[in-house]
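S.K.: pasting a predicted model and its sequence here:
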Amino acid sequence: MAKIMLRVRSRDGLERVTVDNPHITIAQLKALIESQLRVPVPNQTLSTNQNLLLAKTPDQIARFTDLSNPQTLISSLGVTHGSMIYLAYEGQRTVAGPNFCRAGSFGRKMTMDDLIAKQMRVTRQENPHCELVSFDRDAANAFQHYVNESLAFAIKRGGIMYGTVLPEGKVEVNFIYEPPQQGTEENLILLRDPDEENLVEAIAIGLGMRKVGFILTQTISQNKKDYTMSNAEILQAAELHGQSDLKEWVTAVVKLEVNEDGGADVHFEAFQMSDMCIRLYKERWFETEIPKDFDPKLSRMKKDVVVGGKDTREVDNDFFLVVVKIFDHQGPLSSTFPIENRNAPVTMTALKNHLDRTKSLSFVKRISDFHLLLLLARFLDINADVPALAGCVQTQTSVPEGYQLLIESMASAS
């Protein structure tokens with residue numbers, strides 16, 4: 001029988017489990033998770049429902065029962081190669097082997113801890129590595145408009161920013177990809193989909209662009225709090241920054257601010273996580289389990305660091321933020337096509353409506369929209385067709401007739 005691979009998402013991120021037989025029971029699956037991911041069977045709760053990761057109490061977790069019967073065959077529940085399983089577990093785990101590698105695996109065991117702590121001085125970083133960040137007006141507007149009009153800044157939303165880095169350290173953001181996610185008033189969980197992200201990367205390469213940063217919103221309830229970014233936001237931003245090899249990586253925060261007339265304005269701010277913040281994150285100094293009553297404007301360390309000449313385990317988040325100037329520009333792409341992973345799935349009807357609405361433009365102009373290219377990419381060859389089509393958009397050269405006919409037929413089949 002062919003081996004299959006299952007994707008397992010937990011609070012630690014996305015991992016994979018190899019299964020020799022697609023017709024195993026849930027009990028056998030739990031045993032495989034224990035042996036491959038080092039999570040003891042009694043501590044595991046499994047579900048195909050991503051809301052499991054939002055459950056806070058044992059009672060809430062116990063409500064997820066779809067994968068609780070040990071005798072049930074996983075194949076009978078539609079769990080097959082590539083399926084996503086969500087895992088909640090109690091306690092800590094011992095991560096071993098190549099299955100799982102957290103950012104900064106080099107900080108596992110420190111000797112002379114106290115001496116190193118004395119040398120770990122947290123100071124403000126005066127200058128960012130990024131000279132300025134400029135947002136494509138349409139992309140920024142499409143993001144903030146949804147958060148403002150549809151979500152009313154009541155729950156958090158995030159996205160990965162793509163664009164270019166100019167030699168002098170200027171970052172241009174030309175489109176924002178919104179991964180699958182669960183937002184609440186206080187938290188943002190990115191339910192990242194590797195297959196979809198591979199398509200996004202292929203499009204970006206064809207467009208001559210790359211990942212340049214992370215954008216997130218703060219909710220109205222957070223406005224009443226006395227911080228620039230919360231400790232949970234710092235951890236999330238540091239994780240994404242740490243995964244990137246880009247020293248100019250930018251984190252943008254979008255929020256509502258009351259203006260002088262008593263009305264509300266949408267406000268963008270941009271930061272870089274300081275070099276020290278990323279180092280502390282990679283070397284795993286941050287406490288990642290944050291008690292509910294802990295002050296959100298402070299980040300808690302596992303060991304003492306030196307701030308202002310004093311030993312402490314609590315660091316004001318502002319020490320980790322380096323302000324970046326913001327500009328805007330009119331980039332090469334439009335942002336009028338429906339955006340992925342929002343309330344309703346994007347369908348071929350949207351493609352037909354978009355092409356009908358843009359009949360007066362050249363064909364390459366009509367498809368010069370990242371979100372449209374992402375829909376098309378799901379049905380095209382990722383290695384050949386996707387970069388070729390994105391390449392036409394980058395150079396604004398005419399789209400080969402074969403692609404044009406294919407896209408029009410996809411639209412008319414809706």
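M.R.: All right, it came through fine. This is a predicted model, so every value here is computed, not measured.

S.K.: output stretch 74-91 as PDB, restricted to C-alpha atoms.
M.R.: The C-alpha trace of stretch 74-91 is given here as PDB (Å, rounded to 0.1, in the frame of the first residue of the first chain):
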ATOM      1  CA  ILE A  74      -9.300   7.600   9.300                       C
ATOM      2  CA  SER A  75     -10.200   6.800   5.700                       C
ATOM      3  CA  SER A  76     -13.900   6.600   6.700                       C
ATOM      4  CA  LEU A  77     -13.700  10.200   7.800                       C
ATOM      5  CA  GLY A  78     -12.200  11.500   4.500                       C
ATOM      6  CA  VAL A  79      -8.700  11.800   6.000                       C
ATOM      7  CA  THR A  80      -6.400  11.000   3.000                       C
ATOM      8  CA  HIS A  81      -3.000  12.000   1.600                       C
ATOM      9  CA  GLY A  82      -2.400  15.700   2.300                       C
ATOM     10  CA  SER A  83      -5.300  16.200   4.700                       C
ATOM     11  CA  MET A  84      -4.900  18.700   7.500                       C
ATOM     12  CA  ILE A  85      -5.400  17.500  11.100                       C
ATOM     13  CA  TYR A  86      -5.500  19.900  14.000                       C
ATOM     14  CA  LEU A  87      -3.800  18.900  17.200                       C
ATOM     15  CA  ALA A  88      -4.200  20.400  20.700                       C
ATOM     16  CA  TYR A  89      -2.200  19.000  23.500                       C
ATOM     17  CA  GLU A  90      -1.500  19.500  27.200                       C
ATOM     18  CA  GLY A  91       1.900  20.200  28.700                       C
END
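
S.K.: can you find the helix or strand of this protein with the lowest average pLDDT?
M.R.: None of the helices or strands of the chain scores lower by mean pLDDT, DSSP states H and E than helix 113-119, at a mean of 55.

S.K.: determine the next helix or strand in the C-terminal direction from that one.
M.R.: Where DSSP states H and E defines the elements, the next helix or strand beyond helix 113-119 is strand 132-136.

S.K.: what separates stretch 193-209 from the chain centre, distance-wise?
M.R.: Offset of stretch 193-209 from its chain centre (Cα atoms, centre = their mean, to the nearest Å): 14 Å.

S.K.: and for it, what's in contact with it?
M.R.: 7, 14, 82, 160, 162-164, 174-175, 177, 179-180, 210-211, 332-333, 340, 370, 373-374, 377-378, 382-383, 386-391, 393-394 (Cβ atoms under 8 Å, 6 or more residues apart in numbering). All C-beta atoms are positioned from the backbone trio N, CA, C, and that covers glycine.

S.K.: where does this structure have low pLDDT?
M.R.: Across the chain, the ranges flagged by pLDDT under 70 are 1, 94-119, 414.

S.K.: change it to 80
M.R.: Within the chain, the stretches with pLDDT under 80 are 1-2, 12-13, 92-119, 223-224, 258-263, 414.

S.K.: would you map the helices across this structure?
M.R.: 26-37, 58-62, 113-119, 137-145, 194-206, 220-223, 231-243, 275-282, 348-357, 363-366, 370-377, 385-395, 401-412 (DSSP state H).

S.K.: Asn49: which of those is closest?
M.R.: helix 58-62 (11.3 Å; Cβ to Cβ).

S.K.: what residues does the closest one touch?
M.R.: Helix 58-62 has contacts (Cβ under 8 Å, 6+ apart) with 45, 52, 55, 88.

S.K.: biggest separation within those residues, which pair?
M.R.: Farthest pair in the contacts of helix 58-62, by Cβ to Cβ: Thr45 and Ala55, 8.4 Å.

S.K.: any common contacting residues for the two?
M.R.: Counting by Cβ under 8 Å, 6+ apart, the residues touching both Thr45 and Ala55 are 61, 64, 88.

S.K.: buried subset of the residues you listed as a PyMOL selection?
M.R.: Remark: buried members of the shared contacts of Thr45 and Ala55, expressed as a PyMOL selection using 16 or more other Cβ atoms under 10 Å:
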select buried, resi 64+88
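
S.K.: distance to Glu239 added to the shared contacts of Thr45 and Ala55, as JSON lines?
M.R.: What follows is the shared contacts of Thr45 and Ala55, written out as JSON lines (distance: Cβ to Cβ, whole Å):
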{"residue": "Ile61", "distance to Glu239": "24"}
{"residue": "Phe64", "distance to Glu239": "25"}
{"residue": "Ala88", "distance to Glu239": "19"}
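
S.K.: of the shared contacts of Thr45 and Ala55, closest to Ala232?
M.R.: For the shared contacts of Thr45 and Ala55, the residue nearest Ala232 by Cβ to Cβ is Ala88; the value is 17.9 Å.

S.K.: mind listing what that closest one touches?
M.R.: So Ala88 contacts 10-11, 44-45, 47, 52-53, 55, 61, 64 (Cβ under 8 Å, 6+ apart).

S.K.: not counting its neighbours along the chain, what's nearest it?
M.R.: Spatial nearest neighbour of Ala88, chain neighbours left out: Thr45 (4.5 Å); criterion: Cβ to Cβ, 6 or more residues apart in numbering.

S.K.: spit out the contact partners of that neighbour.
M.R.: Per Cβ under 8 Å, 6+ apart, neighbours of Thr45: 52, 61-62, 64, 68, 87-89.

S.K.: filter those residues down to the ones in strands?
M.R.: 87-89 (DSSP state E).

S.K.: how many residues are close by Leu67?
M.R.: A count of nearby residues for Leu67, using other Cβ atoms under 10 Å, gives 23.

S.K.: what about it, distance to Arg93?
M.R.: Separation of Leu67 from Arg93 (Cβ to Cβ, to the nearest Å) stands at 19 Å.

S.K.: and if you look at Phe143?
M.R.: Going from Phe143 to Arg93 by Cβ to Cβ gives 36 Å.
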